[in-house]
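**Student:** just need the structure, nothing else, for what follows:
(one chain, ligands or ions: 2)
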Amino acid sequence: MKAAIFDLDGTLVDSAPDIALAINRLLADRDVPAQDVSFIERFIGEGARTLVLKLYAALGVDAANLDADVARYLAYYRANPVENSRLYADAGPALATLHAAGIRLGVCTNKQQELAEIVLDRLGLLPLISVVVGADTTPYTKPDPRPLLHTVAALGVGPDETVFVGDTGIDRDCAAAAGIRCRIVDWGTGRDVAVADGMRLTRFADLLPGPAGAT
Ligand SMILES: O=C(O)COP(=O)(O)O
Ligand SMILES: [Mg+2]
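**Tutor:** Numbers count the residues shown, from 1 in each chain. Ligands and ions are numbered 1, 2, ... in the order given. All right, here's what the predicted structure looks like:
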């Protein structure tokens, strides 16, 4: 393995509390009661627009001004992107070890690229990541395989030398369409995703080559 590419929300970072904060500010503007983080979390993974659209559908909120509402949600989220967000599991030490071992690291997320970079920076991971591809980096978003293939190409490795780590069926399907090996994390919403044998990842250290890891 020469490179490891990570999804961001739900995989590296438990960002749901800050996303929920911004969503609940948006809902308050619409006179809709605040929702639990665990409820909002179910709609994260397909980008901001789909998040608001699916949430509105679930709550019976009128989506006639969706574009303006998505823009307002993003403005709220940008204002406070890392108040309560935390790294999952052993992300900090394991990514540092992978980086030190010469493995190229990338992020492929359906979050906007700049927001992803802000979150990664604030949580101390950005210096380890060579390439960040977000929802607005290419004309496509996951599960389309092209953002992931773009990340692989930008890292300068071959698809068969890479593993992609994610937390949703969208990540799993994106990796399958790109022909890239995939691991799905065993925390957050990742636990609910159906995976084939050997796809489950219980700690990032298991990505390390050699005796410390299983890859
Ligand atoms: O912002 C989102 O919808 C999800 O982003 P992710 O691709 O990092 O999970
Ligand atoms: Mg995710």
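**Student:** show me the contacts for the residue in the chain that ligand 2 sits nearest to.
**Tutor:** Closest approach between the chain and ligand 2, counting by Cβ to the ion: Gly10, at 3.7 Å. Backbone N, C-alpha and C define where each C-beta goes, glycine included. Neighbouring residues of Gly10 by Cβ atoms under 8 Å, 6 or more residues apart in numbering: 16, 41, 44-45, 166-168, 185, 188-190.
**Student:** export these to a markdown table and tack on distance to ligand 2, secondary structure and neighbour count?
**Tutor:** Shown next, in a markdown table, are the contacts of Gly10 (distance: Cβ to the ion, whole Å; DSSP: H, G, I helix; E, B strand; the rest coil; neighbours: other Cβ atoms under 10 Å):
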| residue | distance to ligand 2 | secondary structure | neighbour count |
| --- | --- | --- | --- |
| Ala16 | 10 | helix | 21 |
| Glu41 | 10 | helix | 20 |
| Ile44 | 7 | coil | 25 |
| Gly45 | 5 | coil | 24 |
| Gly166 | 6 | strand | 30 |
| Asp167 | 4 | coil | 28 |
| Thr168 | 5 | coil | 25 |
| Val185 | 9 | strand | 28 |
| Gly188 | 8 | helix | 19 |
| Thr189 | 8 | helix | 20 |
| Gly190 | 8 | helix | 24 |
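**Student:** isn't Val119 right up against Leu8?
**Tutor:** Yes - judged on Cβ atoms under 8 Å, Val119 makes contact with Leu8 at a distance of 6.9 Å.
**Student:** got any residues that touch both of these two?
**Tutor:** With Cβ under 8 Å, 6+ apart, Val119 and Leu8 have common neighbours 15, 111.
**Student:** contact residues of this structure facing ligand 2?
**Tutor:** Contacts of the chain with ligand 2, taken as Cβ under 5 Å from the ion, map to 7, 9-10, 45, 167.
**Student:** try 8 Å
**Tutor:** 7-11, 44-45, 109-110, 166-168, 170-171, 189 (Cβ under 8 Å from the ion).
**Student:** run the chain-centre distance for stretch 145-155.
**Tutor:** 15 Å (Cα atoms, centre = their mean, to the nearest Å).
**Student:** can you list contacts of that stretch?
**Tutor:** With Cβ under 8 Å, 6+ apart as the test, stretch 145-155 has contacts from 3, 5, 104, 106-108, 130-131, 133, 137-138, 140-142, 158-159, 162, 164, 174-175, 177-180.
**Student:** tell me if it is near ligand 1.
**Tutor:** No - legend: contact between stretch 145-155 and ligand 1 by Cβ under 6 Å from any ligand atom is lacking; minimum distance shown is 9.2 Å.
**Student:** hey, where'd the helices end up in this protein?
**Tutor:** Secondary structure of the chain (DSSP state H): helices located at 16-29, 37-41, 48-59, 66-79, 91-100, 113-122, 146-155, 169-178.
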